[in-house]
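Engineer: Here is my input; please provide its structure:
(2 chains)
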Amino acid sequence: MDIGKIRNFSIIAHIDHGKSTLADRLLEYTGALSERDRQDQFLDKMDLERERGITIKAQTVRLDYHADDGEEYILNLIDTPGHVDFTYEVSRSLAACEGGLLVVDASQGVEAQTLANVYLALDNNLEVFPVINKIDLPAADPERVKHEIEEIIGISAGDAVLASAKEGIGTREILEQIVKNIPPPKGDQSAPLKALLFDSWYDQYQGVIILVRIIDGTVRKGEKIRLIATEKSYEALKIGVFAPVMTEVAQLAAGEVGFIIAGIKDVADAKVGDTVTIFQKECDRPLEGFKEVKPMVFSGLYPIDTVQYEQLRDALAKLKLNDSSFSFEPETSVALGFGFRCGFLGLLHMEIIQERLEREFGLDLITTAPTVVYKVHKASGEIMTIDSANQMPELQHLEFIEEPFILAHIHLPNEFVGGVLALCEEKRGVQREIRYLTQTRVMIIYELPLNEIVLDFYDRLKSISKGYASLDYEHLDYRRSELARLNILINGEIVDALSLIVHRDKSYYRGRDLVSRMKELIPRQMFEVAIQAAIGNKVIARETVKALRKDVLAKCYGGDITRKRKLLEKQKEGKKRMKNVGNIELPQEAFLAILKVE
Amino acid sequence: MMFSRIYIHVPFCMSKCPYCAFASEAGANHETGKFPGLILKELENVTAEFPPSTVDSVYFGGGTPSLLTAEELYETLRGISSLVTLAPDAEITIEANPGTVNGRYLKEIRHAGINRVSFGVQSFDDRMLETLGRIHDSNQAREAVCLAKEAGFCNTGIDLIHSIPGESMETWNSDLHEVISLKPEHISIYSLTVEEGTPFAITYKDGDKLPDSDFVADMMETADDFLEKAGYEHYEIANYAIPGFRARHNTGYWKLDGYIGIGPGAHSFVRQGEFGLRFSNTEKLGDYMVFIAENRSPRGEMRFLTRMDAISEFLFLGMRMKEGVLAADFLGKFGESFHDLFPREIRKLESAGLIICDEERIALTRRGVLLSNQVFSMFIN
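Structural biologist: Down below sits the predicted model:
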């Protein structure tokens, strides 16, 4: 294969700016996807992805294209996941490309996420050219958007393709630009194999499938490959490409993109960013940029009905098969019983997993408040990391606590700057920069504690900015903070599932807010319920739910005992869904209330 | 023998009350003449299937049983006594709407063999009666009770409803004063419940016009204090009686005595199988008439109680009574004690002050009566 006829590219776009639709058009135009087997948004496989309009697992497709210059080209479209939680995966997908299409909505303009991914692309030395999409919309303003691209991103937009993926406008022009603007890959086909593993997933029939971009060398079916980071070797049982269906080939050589099936059992052994080489014919050194991905946000997942515990464990294990960034281990709670402490890359990742558990596996779950990973310095000098308030040592053993900070880039129209700055300040942020990108668009850069982000930052940001602000962040460092464990007590008993780690300055406010919400949510019952918030032994807020006085069915119903029984059974069913703390029954909403603090 | 009580459902009303969920058809001219024949035919079939012991209670409920003529009642009772053995002291009750009776009628039905009359008075406040959609006013109610006494009824009951939208504690207090001034032997107190499928369920969908549950509790406690002071014994959650005048019929429901319900929508419990059998008739009068005319069973689903059903019913029905459930009775019936079967539940309910439970019995406390659903639902599984 002539390496000069290969083009490897990604589509960089904000959610909803039309990436998936554009990908469909490219597939159709090149004949990779016939009308008959066309399903909208071929690249986003999972229903959940399609519903949310975001890509979670990257997919890659090989397109054969007959260009205007009369030559046949192979275009590899490498899709990227589209969310802040998956920045590392995005960077590895981009590292497999030589170029990127920057797709910008003709009316919405440049967004923070677009910007973040463009910078990632430029960092990876990609040739980026703009495509202005949705030009068919009445609100389209391509000239303004071109101006924004030049001003904000600093790349030339004079030759930007004006397209409408929905209407099929501009498709051929985009394909031509890919051939002309994106350089062919460079690489030495005869050098020892050096390939970038940029995605992997588990298939129940074939085991783990890895996607690779061959940087140097060639890999052939039957060869023994070696993954450098995990230090494990496997036989390459199948080698192939997605065109777009899986098609086996005899070999993949430098510049090419494809899959390898090598009998890998666990996705955790096929880490994104790892280097693939040939056993005993290894390349001199691995590719740069490999990182172990670690969960950053943790929460407890508990089945509402305890009989679903085993099902939950099986479901978590199944999800883990395809997602090595997600972790879980058993955890017990006095209030919630048996469940799992689960680790996620971020909040979106958490929501996606929760939704899949509920939707695909039919589980009813209680999720405890998300928390970040803290570093606790003990008086003994020992440093421990904790991902749950319940792991926090007693006050007297504590020296100090460190919490993770992130660097947030918030991109928004200027009329919302005041409100968003106030939010960042409230969330204990440290301002780095306010950058006016154009006269009306602003980039705010803040250092923020991650624990405030996982609370409700995103929802608040969206509501303050009427949905116009977009957020992107990267992890920064750990910083010493005045943090404390806030406990909620019901009739004097700590409800472990409701304990939180909060900043001391906010503890009174959070405590009062929590107990008053709990009061609204706990139904009156046969006992009076005292709800307290406390730090250590110090009670900082209290509310009381008075005991219920009347719950009686006087009616005789003419001997219709079955009806009486049904009413009582219904009542009993309702109680089954409650969680017991001592003598008190707590509804699930009380647990969820913690997640929503105004 | 499988039953000793007969309930007869009379599915006719002058007009439908908007809170009532019982099977009945509204109208001015019901063909009640055919009714005794239908009832007796069903009873004949039933007794062939489930042999009765001596019957010590017959209860005409409804609907509005007082829409049956004295002759029709006489015909029905005569028919019953030819099909079953009636105890000489059998309690023969009729529910009566005060708006449907006069002195002559009451005398006639007394002669026909009815010896207990239960008036659906509901309230002595005419505005409340209007809210409830009753056809009678408070004067008719007072008069009806007096006429019943004059007609020779020595066992009269009055039903009252409280917690009607718009009702104040003053109206309720005056209802209580009125009711004891009429000296009934038996008083039933119900709080208005909004039943699914009734016009009230739509009117009071949001519930904001209904009194809150603390106010309802106040009304119930007020009634309790007042009636006990007036010499009435609070012998069951909803029922008060002068000693010696407890309603035999309803008491049977709570003690799992066998009873047969005849007529559309009527419910039965017969002592068949190890723990008894429950079933009920179709609610539609038209369907019922066809079934009986064609000699087919008007019954819906039949359900044999499991041991666990029987255990929970024995408790949640028996505990409605002031005396509660006797440990010896329970042990005798199930071979195990409730102490051993429900230790955790009993401890929790005791600590909440809702029950008393000792070697001898388990019973509701005064607070437990008002929270009896909380108690009973713990014995359901």
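
Engineer: quick one: the helices in the stretch 201-350 of chain B?
Structural biologist: B:213-229, B:248-254, B:285-293, B:307-318, B:327-334, B:338-341, B:343-351 (DSSP state H, counting those that start in this stretch).

Engineer: Could you list every helix and strand that the first one packs against?
Structural biologist: It stands for helix B:213-229. Applying 3 or more Cβ pairs under 8 Å, 6 or more residues apart in numbering or on different chains; DSSP states H and E, we find helix B:213-229 packed against strand B:156-162, helix B:169-181, strand B:186-191, strand B:233-236, helix B:366-370. Placement of C-beta: from N, CA and C, glycine included.

Engineer: possible to save these as CSV with mean pLDDT?
Structural biologist: Output for those, formatted as CSV (pLDDT from 0 to 100):
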stretch, mean pLDDT
strand B:156-162, 97
helix B:169-181, 97
strand B:186-191, 96
strand B:233-236, 97
helix B:366-370, 97
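
Engineer: Let me have the ones you listed in TSV, extended by distance to chain A and mean neighbour count.
Structural biologist: Output for the helices and strands packed on helix B:213-229, formatted as TSV (distance: least, Cβ to the nearest Cβ, whole Å; neighbours: other Cβ atoms under 10 Å in any protein chain shown):
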stretch	distance to chain A	mean neighbour count
strand B:156-162	10	24
helix B:169-181	14	17
strand B:186-191	5	23
strand B:233-236	9	18
helix B:366-370	5	20
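
Engineer: And those: which comes nearest residue B:333?
Structural biologist: strand B:233-236 (20.2 Å; Cβ to Cβ).

Engineer: Show me what that closest one packs onto, helices and strands only.
Structural biologist: Using 3+ Cβ pairs under 8 Å, 6+ apart: strand B:233-236 touches helix B:213-229, strand B:239-241, helix B:248-254.

Engineer: What mean pLDDT does the shortest one get?
Structural biologist: Taken as a whole, strand B:239-241 has a mean pLDDT of 97.

Engineer: and that strand, does that touch chain A?
Structural biologist: No. Strand B:239-241 lies apart from chain A when judged by Cβ under 8 Å from any Cβ of the partner chain; the minimum separation is 8.7 Å.

Engineer: cool, stretch B:117-132 as well?
Structural biologist: No. Shown here: stretch B:117-132 not in contact with chain A (Cβ under 8 Å from any Cβ), separated by at least 11.0 Å.

Engineer: how about that stretch: buried residues?
Structural biologist: For stretch B:117-132, burial by neighbour count (16 or more other Cβ atoms under 10 Å in any protein chain shown) applies to B:117-125, B:128-129, B:131-132.

Engineer: re the thing from before, of all the helices and strands packed on helix B:213-229, which lies closest to residue A:537?
Structural biologist: helix B:366-370 (33.6 Å).

Engineer: Can you tell me what sits against that closest one?
Structural biologist: Identification of contacts with helix B:366-370 by Cβ atoms under 8 Å, 6 or more residues apart in numbering or on different chains yields A:549-552, B:217, B:220-221, B:224, B:234, B:237, B:349, B:353-355, B:375.

Engineer: How far off centre is the next helix-or-strand element following that helix?
Structural biologist: On the C-terminal side of helix B:366-370, the nearest following helix or strand under DSSP states H and E is helix B:372-377. Computed by Cα atoms, centre = their mean, to the nearest Å, the separation of helix B:372-377 from the middle of its chain amounts to 19 Å.

Engineer: which other helices and strands contact helix B:372-377?
Structural biologist: helix A:561-576, helix B:307-318.

Engineer: Looking at chain A, which helix is longest?
Structural biologist: Looking across chain A with DSSP state H, the single longest helix is helix A:504-521.

Engineer: So which of the helices and strands packed on strand B:233-236 is nearest residue A:310?
Structural biologist: So among the helices and strands packed on strand B:233-236, helix B:213-229 is nearest, using Cβ to Cβ, at 40.1 Å.
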